[in-house]
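Colleague: how would this look folded up:
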Amino acid sequence: MADQSTTPATAGASAPTPPADAPVNPKLLIPKKDGPLAEVGRLVAEAWGKETWFALRWKTQADFAKLATDFGAAITDKRSAAAARTP
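Modeller: Residues are numbered from 1 along each chain as shown. From the prediction side, this is the model:
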């Protein structure tokens, strides 16, 4: 709290940028739509495949990669079905 400036912001001035070590709300990093969420899952599965040190007790990298692929395929199928509908 001692690092905060007590000078009032001037009108029309841009907002100060937060410091690089400012806490980030993890909820803001999770996409709200299914397409971007599928892309995040694909990227995580890809990155996890490159990092051999990372392990979870309840899920292997191969299992997660399969789930991410299946989710991406389901989203593609959903979009294809929606596009094929006639108005």
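Colleague: quick one, helices of the chain?
Modeller: 34-50, 61-84 (DSSP state H).
Colleague: Quick one: mean pLDDT for the first one?
Modeller: I take that to be helix 34-50. Mean pLDDT, helix 34-50: 93.
Colleague: Contacts for that helix, please.
Modeller: 30-31, 54, 61, 64-65, 67-69, 71-72, 75, 78-79 (C-beta atoms under 8 Å, 6 or more residues apart in numbering). In short, each C-beta sits where N, CA and C put it, glycine included.
Colleague: Which PyMOL command selects the buried ones in these?
Modeller: Remark: buried members of these, expressed as a PyMOL selection using 16 or more other C-beta atoms under 10 Å:
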select buried, resi 61+64+65+68+72+75
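Colleague: just checking, which of the helices of the chain sits deepest inside the structure?
Modeller: Mean neighbours per residue, mean count of other C-beta atoms under 10 Å, is largest over those for helix 34-50, with a mean of 14.
Colleague: Let's see it as CSV, backbone CA atoms only.
Modeller: Output of helix 34-50 as CSV, limited to C-alpha atoms (Å, rounded to 0.1, in the frame of the first residue of the first chain):
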residue,chain,number,x,y,z
ASP,A,34,-16.8,-23.1,-26.8
GLY,A,35,-14.6,-22.5,-29.9
PRO,A,36,-11.9,-20.5,-28.0
LEU,A,37,-12.1,-23.0,-25.1
ALA,A,38,-11.5,-25.9,-27.5
GLU,A,39,-8.4,-24.0,-28.8
VAL,A,40,-7.1,-23.5,-25.3
GLY,A,41,-7.5,-27.2,-24.6
ARG,A,42,-5.7,-28.1,-27.8
LEU,A,43,-2.8,-25.7,-26.9
VAL,A,44,-2.6,-27.0,-23.4
ALA,A,45,-2.5,-30.6,-24.6
GLU,A,46,0.3,-29.6,-27.1
ALA,A,47,2.3,-27.8,-24.4
TRP,A,48,1.8,-30.6,-21.9
GLY,A,49,3.2,-33.1,-24.5
LYS,A,50,6.4,-31.1,-24.6
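Colleague: Brilliant, that's me finished.
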